[in-house]
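**Q** all I have is the shape, not the residue letters:
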């Protein structure tokens, strides 16, 4: 009997049933190997990962490549059920040499058995399937974008996403696709969120056109006790404090063309950028960018109730452009760049925002200027600017890390890491978001049923309930997945193996350049919080290799202690 490992992949759960996709690929694989006396003893199936990702960036495929190196791998060959799902572009040419090197045959139904590395026909067939896979993905992208463009421009259809502040969603009838309509899917449209949010949008435009700036508008709205967008919809924004209006919130509302009643699409695009220009086998990462206004797709006619007139919106955009031109003076190009070793890792304890890098008097600092972005409020006692010098933190931070992972304390640190896994489940932010969403869905369903009892159109209410139940089901699935992930508790030995993959920590710090330290802090998952009044920095470590499975113990630093 020949022992086989099965390899496969399917896309997002929204478009495919992972279990059904896995089953038919597995069935094809078994149909190939069983007549030859083969049996599948291991499975490496990636669910929810794009085919454009190379094997080393797909979790299960990467695990298979790693197991190829192990002489005690437990299988003798690998079988693939569908090459177009597994290989994309030139991935076969970048991956198959590893199978050849470790003498592990790769079986594919399209060649009727194992791929012969010396057979040009086999190599050509697999290259063709990789090209077909890439072409299929590109054709799907073009069809989808073209269809969405036509739906937005000609039909004015609402194409999904969170409704902008000032609007709510309303069912607009059954889905035009009969199959989707049979599944209970409905079209939606934007309706004004009255009485408060819609009038606030109108007020913002009116005050801006009368000469007020972003911050002045934010201050007046906060002073009048009007909830900011994140406070208005807490269920979707639990990660924000929601205390006050910000300049960015006002600017975002002023820049949104949907307040004119038109459906507007293609404001953003997704570009695929090489992850590493020196190693193209790592593939691409998706980067979201803003399109210029002349690339936006507008509906031919207004399709929902406008909150501002088209003339007022155009006047606001002209005023914004004029102000930006006056403010944005050309600056000479920088001759040097300043590395910030703790970039994105230092937070302000008062507002919980990430502190920004600032180079002053020849030294890198981290600063928080909350009051320059948000309206002042008595609910948050925040100084105008908070600064902390990098070189006041780094020496003690490195010393704390070196001591925690030194041989004499390593056993204790590993024990704390392992024990801390038991307490993270109830406090995980993603869990809290899912629980809030479920509670909000239950509240809305009860509200809809009460509306049904009052005589509201049953078809309309049924659509609301169906949509809300779908949101609740998605949140419940997320809750289950996170619960299962957090309950995967690692042993101290497993944690030690992961820590050792970081290398000798003490030696690494001794001669590390700033860029190298950034990578090391990233691997350790450091999160620092600066307490300005006490002049204390606390640090929390959650190693990236243990991400979503463990929360590390906290330690305190006092870089200003005397």
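**A** Looks like it arrived, so ask away. Just so it is clear, the model here is predicted, and its values are computed rather than measured. Residues are numbered from 1 along each chain as shown.

**Q** for the nearest residue to residue 265 once chain neighbours are set aside, which three-state class applies?
**A** Leaving aside its chain neighbours, residue 265 sits nearest to residue 152 (3.8 Å; criterion: Cβ to Cβ, 6 or more residues apart in numbering). Quick note: C-beta positions are derived from backbone N, CA and C, even for glycine. What DSSP: H, G, I helix; E, B strand; the rest coil gives for residue 152 is helix.

**Q** ok, the residue nearest the centre of the chain to residue 446 distance?
**A** Using Cα atoms, centre = their mean, the residue of the chain that lies closest to the mean C-alpha position is residue 286, 10.8 Å off. From residue 286 across to residue 446, the span is 39 Å (Cβ to Cβ, to the nearest Å).

**Q** please apply the same query to residue 301.
**A** The spacing between residue 301 and residue 446, counted by Cβ to Cβ, is 37 Å.

**Q** confidence score at residue 366?
**A** Looking at residue 366, its pLDDT reads 90.

**Q** now do the one 3 residues further on
**A** What the model reports as pLDDT for residue 369 is 83.

**Q** wait, residue 126 touches residue 96, no?
**A** Yes: because the distance of 7.4 Å satisfies Cβ atoms under 8 Å, residue 126 is recorded as touching residue 96.

**Q** who has more neighbours, these two?
**A** Remark: of residue 126 and residue 96, residue 126 carries more neighbours, 23 against 17, as counted by other Cβ atoms under 10 Å.

**Q** run through the strands of the stretch 151-300 of the chain in chain order.
**A** 167-174, 186-192, 264-265, 268-274, 284-290, 297-298 (DSSP state E, counting those that start in this stretch).

**Q** OK, contacts around the residue nearest to the centre of the chain?
**A** By Cβ atoms under 8 Å, 6 or more residues apart in numbering, the residues touching residue 286 are 270-273.

**Q** quick one: which of these is nearest residue 9?
**A** residue 272 (18.3 Å; Cβ to Cβ).

**Q** residues in contact with that closest one?
**A** Residue 272 neighbours (Cβ under 8 Å, 6+ apart): 52, 284-287.

**Q** list the buried residues in the helix or strand hosting residue 520.
**A** Element membership of residue 520 [criterion: DSSP states H and E] is helix 514-524. Of all the residues in helix 514-524, those buried under the rule 16 or more other Cβ atoms under 10 Å are 517-518, 520-521, 523-524.

**Q** same question for stretch 351-371.
**A** Those would be 351, 353, 355, 357-358, 364-371, for stretch 351-371 by 16+ other Cβ under 10 Å.

**Q** please apply the same query to stretch 283-292.
**A** By 16+ other Cβ under 10 Å, the buried positions in stretch 283-292 come out as 283-284.

**Q** distance between it and the chain's centre?
**A** 13 Å (Cα atoms, centre = their mean, to the nearest Å).

**Q** as a whole number, average confidence for it?
**A** Stretch 283-292 comes out at a mean pLDDT of 84.

**Q** and for stretch 436-444?
**A** Averaging pLDDT along stretch 436-444 yields 76.

**Q** what's the offset of it from the middle of its chain?
**A** Worked out by Cα atoms, centre = their mean, stretch 436-444 lies 23 Å from the chain centre.

**Q** what's the answer for stretch 193-202, then?
**A** Relative to its parent chain, stretch 193-202 has a centroid offset of 30 Å by Cα atoms, centre = their mean.

**Q** list the buried residues for that stretch?
**A** Within stretch 193-202, judged by 16+ other Cβ under 10 Å, the buried ones are 193, 197-198, 200-202.

**Q** then stretch 41-56?
**A** 42, 44-47, 49-55.

**Q** out of these, which two sit at the greatest distance?
**A** So, those by Cβ to Cβ: farthest apart are 42 and 52, at 25.2 Å.

**Q** returning to that earlier point: ok, the residue nearest to residue 265 to residue 190 distance?
**A** When residue 152 is compared with residue 190 (using Cβ to Cβ), they lie 13 Å apart.

**Q** likewise for residue 298?
**A** According to Cβ to Cβ, residue 298 stands 15 Å off from residue 190.

**Q** three-state assignment of residue 42?
**A** Following three-state DSSP, the label given to residue 42 is strand.

**Q** ok, now which ones touch it?
**A** 4-6, 67, 74-75.

**Q** tabulate the residues you listed (TSV), appending secondary structure, pLDDT and neighbour count.
**A** As requested, the contacts of residue 42 are arranged in TSV below (DSSP: H, G, I helix; E, B strand; the rest coil; pLDDT from 0 to 100; neighbours: other Cβ atoms under 10 Å):
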residue	secondary structure	pLDDT	neighbour count
4	strand	95	25
5	strand	94	22
6	strand	95	23
67	helix	92	18
74	coil	91	10
75	coil	94	20
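
**Q** just name the closest of these to residue 537, please.
**A** residue 67 (41.7 Å).

**Q** residues contacting the closest one?
**A** Residue 67 is in contact with 5, 42, 73-74, counting by Cβ under 8 Å, 6+ apart.

**Q** test my guess that the residue nearest to residue 265 contacts residue 262.
**A** No: between residue 152 and residue 262 there is no contact under Cβ under 8 Å: 9.3 Å.

**Q** overlap of the contact sets of these two?
**A** Going by Cβ under 8 Å, 6+ apart, residues that sit against residue 152 and also against residue 262 are 298-299.

**Q** give me the neighbour count for the closest residue to residue 299 other than its chain neighbours.
**A** Distances taken as Cβ to Cβ, 6+ apart put residue 156 closest to residue 299, at 3.6 Å, once the chain neighbours are dropped. Residue 156 has 21 neighbouring residues, counting by other Cβ under 10 Å.

**Q** so how far is residue 301 from residue 156?
**A** Taking Cβ to Cβ, one finds residue 156 at 7 Å from residue 301.

**Q** which neighbours do these two share?
**A** residue 262.

**Q** what stretches of the chain score poorly on pLDDT?
**A** 12-16, 325-337, 378-379, 405-410, 413-433, 451-461, 463, 481-512, 523, 542-562 (pLDDT under 70).

**Q** re the thing from before, list the contacts of the residue nearest to residue 265.
**A** Residues near residue 152 by Cβ under 8 Å, 6+ apart: 159, 263-266, 297-299.

**Q** so which of these is the most crowded?
**A** Result: residue 263 is most packed of the contacts of residue 152 (other Cβ under 10 Å), 25 neighbours.

**Q** torsion angles phi and psi at it?
**A** phi -80, psi 130 (degrees, to the nearest 10).

**Q** these two touch, right, it and residue 156?
**A** Yes: assessed by Cβ under 8 Å, residue 263 is found in contact with residue 156 at 4.6 Å.

**Q** joint contacts of these two?
**A** Common contacts of residue 263 and residue 156 (Cβ under 8 Å, 6+ apart): 299, 303.

**Q** for the stretch 1-150 of the chain, what spans make up the strands?
**A** 2-10, 38-47, 77-80, 106-108, 113-114.
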